[in-house]
Every structure is written in C-alpha cells, then in structure tokens.
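S.K.: Please work out how this folds:
(chains A, B and C)
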Amino acid sequence: MTVNLTVKSIVEQIRAGSLTPTAVAEAYLQRTKNIAQKLNSHLHLDEAAALAEAKGSAQRIKEIGADRLPLAGVPILIKDNICVRGSKTTCGSKILENYVATYDATVIRRLRDAGAFVLGKLNMDEFAMGSSNENSAFGPVRNPWNLDYVPGGSSGGSAAAVAARLAPVALGSDTGGSIRQPASFCGIVGLKPTYGTVSRFGLVAFGSSLDQIGPLTCNVEDAAMVMDVLTGLDAKDSTSVQHPHAGFAKALASHSDGLKGKTVGIPEEFFDSGLDPEVGVCLERAIADVQKAGAKIKRVRLPNISYSVAAYYVIATAEASANLARFDGIRYGYRTKEAGVSLKELYRKTRSEGFGQEVKQRIMLGTFVLSSGYYDAFYAKANKVRELISRDFAAAFDSGVDVLLTPTSPTPPFKLGEKLSDPLAMYLSDICTIGVNLAGLPGISVPCGRTNAGLPVGMQLIAPKFNEQTLLIGAHAYERATEWHKDQPAI
Amino acid sequence: MNAPQNGTKTSRPSEAPVNKSQESTVLDRYEPVIGLEVHCQLKTKTKLFCGCSTSFGAMPNHNTCPICLGHPGVLPVLNREVVNFAIRFALAVEANIHEISVFARKQYFYPDLPKGYQITQFDLPYCTGGKMILASGKAVRLMRAHIEEDAGKNVHGDESSYVDLNRAGVPLIEIVSEADIRNPEDAADYLKRLRSLVRSLDICDGNLEEGSFRCDANISIRPRGQEKFGTRCEIKNLNSFRNIERAIKYEILRQADLLDHGEKVLQQTMLFDAASGKTQAMRSKEESHDYRYFPEPDLLPLRIDAARIEEQRKALPELPEAMARRFQEQHALSAYDAAVLTSDKDLANFYEAVVKRVDGAVTEKIVANWVTSEYLREANNRSWDFINPPITSDHLGELIELIGKGVISGRIAKTLFEEMAEKGPGNGPKAMVQEQGLVQVSDTSEIRGVINNVLDANPGQLAEYLGGRDKLFGFFVGQTMKVSGGKMNPQLVNDVLKELLDARRKG
Amino acid sequence: MSKIQVDRELVRKVADLAQLSLSDPEIGLYQERLSKVLSYVEQLNSVHESLGQDWRPDTARGVPGSSTPERADLVSDSLPVEEAMKQAPARIGTAFQVPRIIE
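M.R.: Residues are numbered from 1 along each chain as shown, chains lettered A, B, ... in the order given. This is a model prediction of the structure:
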C-alpha cells in the first residue's frame, strides 16, 4: 500500500472494502519509523497503542458501517497539547514529561466517534509558545523540505509530519498562527476555525481567549472533511458555540463556482516593505491567479493591524501566566528532585527547572502586565486595541469583501537558530496571522509557491466569523487552479 | 446540624484573657468599627464548575475529577443551581441583582488551590447592596455578595502538609458587609441572623464546625468622636459564634493597648487561636499580595434577566423575620419566643408540627415553653438534629397532650421526657405512662385520704399553720405529692388541701 | 505614560509573583529580553481608541446578549481516587504531600 493517501481516498477505500484500518496503521507506522527520527516530529509513537486504536476503528466500522462514519479508518496524529486518555501529554515541556492524560479531549472523542483513530502524538514548541518549534524540551523539529530549516511553530511537528506524509491529517492548535504558519512553512493546508467552533476541552490552554484546534492536511477537501467532525457545540466548553453553517465537505462538493464573482480583499498593511521579496513574488502571482479564477480584487486597509503583535503579546501572555500556574509539582508532573526544601522553594525550583526559557519569559511578561499598577496601561489597553482590530476586519468585510488574502508569514522558512537570539524578530514573524486570532476569525493557509531554495510559501485567506465555507470554497478553487498542494518534499 | 444552640454558648464565661472592667474602659475611649466577610457554602449537589459531589466527610481526594484537580486542558462550566441560590439570597436581603456580572481569576499559589487561581467575581459581582436588620433594630448594610469557588484543605503534620481537594471547587457566596458594626455583640447577632437566613433559604446548611459557614472579621478602632477610621486588621479562622465574639473582643483590646502605648496598628491578617483566646499575625501573609485579577476567559459574562429573578422570588420560602411575625400572631407567642423558635427553620418546623399534634389540648404558648426549654436543652446537650430527632414532634406532642388532658402532671411529664431523652422514646409517652402506672390521680376521695394522712403525720407543722403560718401550705402540697409519687393532679391537691385546712381551722 | 524601565528589581519582583527562581545571569538575560518586548508593546499607548467609556472588554465577550452556559446540578462520576493520586510526585494515603506549610 502506498501512503500517499488523502483522507478522502482512505475513507473511500475503507468503504469499498479494499483497505482496513489496521493496514492503514501498519503502512503509516512503517513509513514513520524511517522518517520521524530525521524530523524529530513525534514525541510518542507507541506502535501497539496505534494498532489497538486501529482495531477500535475497525470495530466501530463493523458496528456502525463505514458509510455512516465520515472518517472511517482515517489515522490522525495529535499535537501533544491535546489530551488522549492513558497516553502522555507533555506539551513539549519537561514539567509534563511524564504526565499521562486522565481524560480524552472532546476532539478525540469526536474523531473516534467518526471512525478515525489516533496514530501518535507530535512535537511542538513548549506550551505552544514559539514560531519555529525550537522551543520544545525534546529538541527542535526539522522542516521536511530542508532539514536545516525550521518547520514553523508551534504546531511544527504536525506540519512536518503531514508534509512528510506520516499521516493524512494532524491536529494542531492555533493561538497566534500556530497552525497556519507551520502549514505555510511545510507546504500544506492549515485551518484555524472561528473561535468557539471547535471545543477546547482537553486542549492544554495557552491563551484561552485565542486558542483554537484545527486540522493540518495535504489539501483543502481533507481539511473540510475533518472540520465537519471537529465542529460542534460542546457542553464542556463554555466558549463553544453552535456553528450556523456547518457541513463543509458537502458545501465544497456542491459549489462549483469557487472564486467566481467573489470579492477578494488585499490588506495593504501586509504588503509593505516588511515582506520578504520572494514571498512577495509568490503572493503577487497568487493574487493574479485568484483574479484569473474570476474573483474581483479590492485593496483594503486594516488601520490598527500593526498593533496586533503588541496587543497579542499582552493578552496571550497574561492568560498564559494564569493558565500555567497549575504546574506546581503537587498533583502531577515534574517536581524538583531537591530534598528538604520549603514549600516556596518547592514551587520555585520545580517551575524554574520544569519550564524552558521562552515559557518563563512569557509567564513573566504576562505576570507583569497584570500586576498592580500596570493592568490598565497594558492589559486593559491591549483589549481595547483588540476590539479596534476586530472592528477593522468587520469594516473590511462590510465594504463588500468576501475573503481577505494575505501572506501567511512575511518570510519563508528560516534556518534553525536564526531568530533565537531576538525575541522580537520571532514574535514579528506572526504579524500576518495574529490579527485573525484577536478577532476570532477563521483563517486558512494554503501553499502558493516556493522560494528559489525550494522552500514552501503559503498564502492566508481570512473570512468573517463562521464563514469557514467561504474560506474553504475559495481555497479549494485556488488549489484546483494552481496545484501547489501536489508538491511533496523528497524525504 | 446542631443549630441555634451555638448561639446560646456565647453567654458562657469567656476563656479569653479579657477582663470585663478593662473592656468597658477601653470601649469608653475607643469605638470599634467592624465589617464582616462571610463565606457560605451553597448546598448544591455538585461543585461550582464540575459534576463532583459536594458531600462532606469523604476520604481525602475521593470527590475529585480532572476539572477540580486542575489537570491540564480542563474547562469550567457554571452550575445553574448555584446562580439560583445566589439570586434567592440577594432577594432575601433586598440587594440589587446585576443584569450582567463577570467571573475573574484571582491568582496566588497555595497547595489547596489547584489551578493557581480561584474563579471568583471581582469588579462586577452578581449583586451589590442589601441589608440585615439586627435584634437592636439597627441595620447593617451589605456591600456586595459574589459567587466563587472554595479551595481545598491543607492538613499540617510535623514535617509535611497534606492536601485534600474534595472541597476545591465547592460553590460559595461571599457576603461582605459594610463596616457598620460597632460592637462584638452586634457582630455575633449579625452572623446568627445571616446564618438563620441562609438556612431558611435552604441554600446553605450553616455549619460552622464543618466550615460551611465561615467568617472573617475586619476590625479597627478609633478614639470616640473621631470620624476617620483606624488601621484595620483581618481575623481569620473564626469557627464558632463564641470564638467570633472572643476574637473581636481580644482584638479590640490588643489594638487599644497599642494605641495607648503610642504604637501603631499594622494592617495585618490575624489568626485566632481558640485555645489561648488570642489573635496572632499570620506569618505566611506577611508578603504583600498582588492577586492579578483578570476576567476569566473560559467563561462568558453571566446575565441574569428579570424573568429568572421573578421565578426565584416565587421559590423563596418564608424568611425568619416574616415567620417570627406570623408566630406572634398565629400562635399568640411573645416576640422573644417567636424569635427563638424561628431562629432555625428546622426548629420552627418542629414547633409547628408539635402544635399540630397537640391540636388545642394545651395553648401554643405551653408548647412553645416545652420546645424552647426542655426540648432545646436536651437537643443542645445531645446534638440532636431537628429534622430527624430521636424524640419526634409526635412524641413530644403526645406527651404535652397527656398533660393537657390531665392524664399526667407536668412534673411527671418532665421526668418522662428526660427518660425518653436518655433511653430513647420506646413505645411513646402514652405507653410509658401505662407501663409505669403514672396515670394522674384525679379521684378527690383518694386525694382527700392521702392529704388527711399527711396532715395527721405532721402535727407540729399543722399546728403552726393553724396558728397563722400560711407559708406552710406549700409544705403540705410537697408532702402530698411526695407520698403519691407525683401522680396526683396538682390543681386538685391544691383545692382539696385548702378545703381540708379551712375545715380544720374552723373545727 | 512614561517608558517602563525594566531593571533587575522589576525582573526579580515579577519572577517572585510567578514563583520562578532566577540565577543572576538569568536575571540579566530576562531583563534584556523583557525590556525589548515591553518597549515594543508600549506602542499600544499611542493608539487613539474611540470605543467610548461604556465599552468594557469583560462584558463585551461572547455573542451580544448571551450568557455563560449553565449545567444542571447533577452528580457525575469523580475520578477513581487511585487515578487522581497516581501521578502525585509525593503522597500519603490519598492526600497530596507538600513540605510543611507555615501559616
């Protein structure tokens, strides 16, 4: 069996009886053995557990019938900040090195109910804080297109694994671009849904008001199929909502018009001097292709978008500083090995030894912006700017724009170590994606070209809240017109 | 439960090193200013944000789940009943219920706080204002009440402490009074009334010992006549009404002593030690806290609309004050009796059940006397629960009815009651009266015979009486009752004795 | 608002609140990095916002008019206590063990 399979083709072959979940699992595990080590993409690959999962999928197919299971026999890799009961969930951190999840995230339950099964858990930037996957306590992930380059982050393991075809789909999480930017760096599709679309129950929180789980896939159709399963109101997540326009795969199939007659907005702020020239070339060509596909191009402005990184680093770190307070070495997780310490020392040594540098930096930043005397100037102000940015997006859409088109990242993939010394440079690499999280909008990254060095470049489409359909239909039309998604790294 | 009796304990002599005369001279010079913060555990079945049971007394950590243990990735979902209970409280104290309120994270590290933050309400609580009226008629204004989650419990050993998170996440309302209270007695009265109120509302079981009703007191003093408040101290760990009064009294003297010696009161958190009766500054609270409150991103704002408030208004039971007024009118009781009986809703229900059982055989006042004296005393000593007490309202009603119908005397009834309290009610008072042959003698010829024997057996006293010492009448009554084992109808004994003595005087 | 000076004292204070202990070289490192990020973040102060006094981020969350979801007061299974305890770094019986707390 070849593993160059899509979600759609697996489901079709399972339904036709020409493939079994176990055969699928075995084929991917075989391929993974050779490649995962090179990429350092996997944190936990338990073959026995994966095969048991495949058996569970087979059982479900037997009971319910493959025709009624939208993801029958589909193997899924999971970013290691999503809880799978009984398996380790480390968040790429030493502080959770041996933590075994005590429950299943809602997305895991939904995927299994749909016939899919968990194949393994993936490397990531520690607690999803990073844009290069160099912040993992378990070593950096490498880009399958060139092992000297970063795969992006924080869902770097997810993007690298799917690009290397170690699974047809992986789950990532996106707080400021952590699905879209690595998807762009690895030449695959990554979707960040509207805030509230996918339950966060079981996703280890980073920035609670920003986090969303989403799929990374090889093409838009697969993303739609997985989104159909992930989407749904969850009583366990108070911020989850009933999506008013679900049924994405069906919408894709029934919409042949694609981009025809649509208005695509180009926010000028993302095409300024900060844009890498090679990325600029790819984007200009993409805009031309979109136009060729029948869309109308409209230049728009997002006047406050340049403040998005500043607002984001206040809000996300403030929330993270509280979210990460539970890691104290008392109930689970790492505890300092030093004996005879006081309670205060226990806390401090445990947390200082358990968290990596970037995480500590962000905890301190978040602690500072909430501390007495600074709250109004930082946290309150950042939230007002967040509202202004949301309104900028709303105004752009109100002006008749159906989707916005931007680069996913202002630069192509960079080399390992290149941006580590400058925290600001790293933060600014999320400039194109962060505003989408602040405004709670859906965004998708699709491949749109390669640099001279052969590294992937992605473009981002952004739609109004709950307009994932528009996003997917537009991305799908572009994908058919250009076929960048068919490129694969030669690993 | 073991109820308003906690209150009666406050009248016992204080063990605190507080000297009465010292106290009164201090209070002549300084005016205490007291504000109280009360944490009421709401008696919902489940915790505030997860489905774990709130039952008290489980083995450590048996009522926990990933959510209340603060495992990674969990999220809170608000318990509807908590909001309903909170609304009922606000209605009962006539507070303003806010259409929109917001949950916030209060951040600090402590082993009993699994997430490193407590979900509470900060600058937008669900209600503000309201008041409680004290026995003195004085009103204590409420500043606010808010919904929050409880922390777990730390138990301290010699070298280690142990953390039990069964209580972590149990719903609380924190009720904050304005600094309107001016003496320790009013502080205790406020708390008793508040406790009685939340118990009547059936939203909190008000158990101080188990910690379901907890109080912190903020106390400052100022020279009489001065308007500006002094520096306040907060006292924690006040787990009985008696200790609350003791702690406040001690703290007032401590602060006065500092001021008298030209020293300053430091703003501190104090811990009350019941054994020594003293307050002491908490060491762990010395470092200043910066709680870094911010809106809880995992919950949306809470909106309470008018329809919901009206629905809860309809669900309000009769509140203590209204019940006391009704008792005065309907049962013809004094204000005092009505207040005692309605200080606890289960006691009030018990009283009304006895009245119903007695069915007019005696006055309601007599029933009230029995309940507030004999019954409360035994209930208090034996920690009875008024919902399922060993001597039920039927037993007590039957007993009182026997007096009313003249079957037994009050004295026999008291003896019987004590016996029932000691050994259990057996087959009930009627059966006991039969078995023990305690039926009251109301046959005048039998009474006449006994009295004549008594008079003949005490010629000296009889002579004195006939000589004009009327006081000896009581002596003869006592002797008659003694001889008859208390079984004779006391009224008839009185009448017959008077008749026979008059006859002998004439004769 | 004046520029924030991130000095060693501020780093120490923040680390203290966050229960982190930093070595001297680490204090220097974070002083430099936090300085850089905060001076960038301070550009927020130059944003002219016109949201009006009534606008609050905390009440503006969620769909307008919606309230946080509420669940029924029904007991669900707690974690088996062994599962709640088995990852504890230190325990005694079914309680979590920590160094003695001084009150």
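
S.K.: Tell me the confidence at the residue in chain C that chain B sits nearest to?
M.R.: Going by C-beta to the nearest C-beta, chain B is nearest to residue C:76 of chain C, at 3.1 Å. Backbone N, C-alpha and C define where each C-beta goes, glycine included. According to the prediction, residue C:76 has pLDDT 96.

S.K.: I'd assumed residue B:53 was in contact with it.
M.R.: No: counting by C-beta atoms under 8 Å, residue C:76 stays clear of residue B:53, with 9.1 Å between them.

S.K.: Show me which of these two is the more surrounded one.
M.R.: For residue C:76 and residue B:53, the more surrounded residue by other C-beta atoms under 10 Å in any protein chain shown is residue B:53, and the numbers stand at 19 against 12.

S.K.: Contact partners for the more buried one?
M.R.: Contacts for residue B:53 (C-beta atoms under 8 Å, 6 or more residues apart in numbering or on different chains) come out as B:45, B:46, B:47, B:63, C:75, C:78.

S.K.: Going by distance to chain A, which of these wins?
M.R.: Here the nearest of the contacts of residue B:53 to chain A, counting by C-beta to the nearest C-beta, is residue C:78; it sits at 11.3 Å.

S.K.: In three-state terms, label residue A:445 for me.
M.R.: Classification of residue A:445 by DSSP: H, G, I helix; E, B strand; the rest coil places it in strand.

S.K.: and it, how many neighbours does it have?
M.R.: For residue A:445, the count of nearby residues is 36 (other C-beta under 10 Å).

S.K.: and what of residue A:94?
M.R.: Going by other C-beta under 10 Å, the residues that sit close to residue A:94 add up to 17.

S.K.: now do residue A:154
M.R.: If you count neighbours by other C-beta under 10 Å, residue A:154 ends up with 35.

S.K.: what do you get for residue A:35?
M.R.: That count, for residue A:35 with other C-beta under 10 Å as the rule, works out to 17.

S.K.: And stretch B:70-80, how far out from the chain middle?
M.R.: Computed by C-alpha atoms, centre = their mean, to the nearest Å, the chain-centroid distance of stretch B:70-80 equals 35 Å.

S.K.: How about it, which residues are buried there?
M.R.: Of all the residues in stretch B:70-80, those buried under the rule 16 or more other C-beta atoms under 10 Å in any protein chain shown are B:70, B:71, B:72, B:73, B:74, B:75, B:76, B:77, B:78, B:79.

S.K.: tell me how far the ends of stretch A:242-260 are from each other?
M.R.: End-to-end distance for stretch A:242-260: 29 Å, by C-alpha to C-alpha, to the nearest Å.

S.K.: What are the buried residues along it?
M.R.: Those would be A:243, A:246, A:248, A:249, A:251, A:252, A:255, A:258, A:259, for stretch A:242-260 by 16+ other C-beta under 10 Å.

S.K.: ChimeraX command to pick out the buried ones of the contacts of residue B:53?
M.R.: Typed into ChimeraX, the line below selects the buried ones among the contacts of residue B:53, using 16+ other C-beta under 10 Å:
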select /B:46,47,63 /C:78
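
S.K.: biggest separation within the contacts of residue B:53, which pair?
M.R.: B:45 and C:78 (12.7 Å; C-beta to C-beta).

S.K.: Output the below-cut-off pLDDT ranges for the chain.
M.R.: This is for chain A. Within chain A, the ranges that satisfy pLDDT under 70 run A:1-3.

S.K.: nope, chain B
M.R.: If you take pLDDT under 70 as the line, chain B has these spans: B:1-21, B:283-288, B:507.

S.K.: Near chain A, which residues of it? Just list them.
M.R.: Residues of chain B lying close to chain A by C-beta under 8 Å from any C-beta of the partner chain are B:66, B:69-78, B:105, B:107, B:109, B:111, B:114-117, B:161, B:163, B:165, B:290, B:292-294, B:297-300.

S.K.: For the residue nearest to residue A:211 when sequence neighbours are not counted, which residues are in contact?
M.R.: Spatial nearest neighbour of residue A:211, excluding adjacent residues (C-beta to C-beta, 6 or more residues apart in numbering or on different chains): residue A:175 at 5.1 Å. Counting by C-beta under 8 Å, 6+ apart, residue A:175 makes contact with A:128, A:154, A:206, A:207, A:210, A:211, A:316, A:437.

S.K.: is any part of stretch A:416-429 close to chain C?
M.R.: Yes: contact of stretch A:416-429 with chain C (C-beta under 8 Å from any C-beta) involves A:422, A:423, A:424, A:427.

S.K.: Quote the end-to-end distance of that stretch.
M.R.: Stretch A:416-429 has an end-to-end distance of 14 Å (C-alpha to C-alpha).

S.K.: Not counting its neighbours along the chain, what's nearest the residue in chain B positioned nearest to chain C?
M.R.: Nearest residue of chain B to chain C (C-beta to the nearest C-beta) works out as residue B:51 at 3.1 Å. Leaving aside its chain neighbours, residue B:51 sits nearest to residue C:76 (3.1 Å; criterion: C-beta to C-beta, 6+ apart).

S.K.: Over to residue B:155?
M.R.: Per C-beta to C-beta, 6+ apart, closest to residue B:155 is residue B:162, 4.7 Å.

S.K.: Ok, residue B:382 next?
M.R.: Of all residues not flanking residue B:382 in the chain, residue B:421 sits nearest, at 6.7 Å (C-beta to C-beta, 6+ apart).

S.K.: If you tally nearby residues, what's the number for the one you found?
M.R.: Using other C-beta under 10 Å, the number of residues around residue B:421 comes to 20.

S.K.: quick one, domains of chain B?
M.R.: Per automatic domain parsing, the structural domains of chain B span B:20-313, B:318-435, B:444-506.

S.K.: ok, which stretches of the stretch 1-150 of chain B are helices?
M.R.: Remark: helices assigned in the stretch 1-150 of chain B by DSSP state H, counting those that start in this stretch are B:5-8, B:20-29, B:80-92.
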